[in-house]
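Engineer: Build me a model from this:
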Amino acid sequence: MKTIGLIGGMSWESTQTYYRLVNQHVRTALGGLHSARVVLYSADFAEIEALQHQGNWQATAEILAAAVSIPLLHIADATAQVLQRQGIACVGLLGTRFTMEQAFYQRQEKIGYNDASAFLTQLKKQPDTAFLAEVSSVPLQQCLRHQQSAFKHFFAKRARYPSFKSKKHRQSATFASSAFSYRDGQITLAKCREPLNIRWSRDLPAAPSTVTVSKDAAGRYFISCLCKVDTEALPITFK
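Structural biologist: Residues are numbered from 1 along each chain as shown. The predicted structure is shown next:
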């Protein structure tokens, strides 16, 4: 039997229902005195209530969806599927004011780039994630745009569900022209006191408009530069 992880409800009253149902299904399937092997995490509802009144508790769903490789199921979708299978067209929903009025339940609104950017600003002010303020905001904003694009393609069914890159693979950060300076053949990234110590493979044909710093699995750093140059058309040759 595998061990499953279970995130409880927003209060212990709903958590005990989830726990009971899981164990009942295991007992029905295996018989005897079998019960589920569960690692259970239960939240402090007082913290959730404070976020409800602040109006930013619904963003948790989008953060969770971006952090895992499995689909995030919306309770309204799951309920609607069961109702459709049973041929029930009219139902009554009882819940708290937050359940009945919040846009996440009514219209399933999802966090977009602007909301994610605002949340990033909040993260920079929190002690556990204050390190985000130590680097340039440009590559962080690029990550948010890449994330927005990835989810847009996913929901349009043009790509698979987005997932984080493995730390074992190449890591990279892209800096636009506002996030670095190029002087006398040296590149200095934003919030860095000294220019990068670069061993150039060749001279740049022009000042770069974008630079990308990457790190491979062996711990080596590389930099690639995007430069705009005028090119001459080559004469046509016939074989």
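
Engineer: you'd agree residue 225 is in a helix?
Structural biologist: No - with DSSP: H, G, I helix; E, B strand; the rest coil as the criterion, residue 225 is located in strand rather than a helix.

Engineer: The closest residue to it other than its chain neighbours and residue 229: what is the separation?
Structural biologist: Counting by Cβ to Cβ, 6 or more residues apart in numbering, residue 208 is the residue found nearest to residue 225 once chain neighbours are left out, at 3.7 Å. Using the backbone N, CA and C atoms, a C-beta is placed for each residue, glycine as well. Remark: distance between residue 208 and residue 229 (Cβ to Cβ, to the nearest Å) = 11 Å.

Engineer: quick one: least confident helix or strand in this protein?
Structural biologist: Every helix and strand in the chain was compared by mean pLDDT, DSSP states H and E; the lowest is helix 103-106, with a mean of 53.

Engineer: Show me what secondary structure element comes after it.
Structural biologist: Scanning forward in sequence from helix 103-106 by DSSP states H and E, the next helix or strand is helix 113-124.

Engineer: residues of that next one that come out buried?
Structural biologist: Along helix 113-124, these residues count as buried under the neighbour rule (16 or more other Cβ atoms under 10 Å): 115-116, 120.

Engineer: pLDDT and distance to residue 174 for those residues - can I get that in JSON lines?
Structural biologist: Listed next are the buried residues of helix 113-124 as JSON lines, based on pLDDT from 0 to 100; distance: Cβ to Cβ, whole Å:
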{"residue": "115", "pLDDT": "77", "distance to residue 174": "22"}
{"residue": "116", "pLDDT": "80", "distance to residue 174": "17"}
{"residue": "120", "pLDDT": "85", "distance to residue 174": "16"}
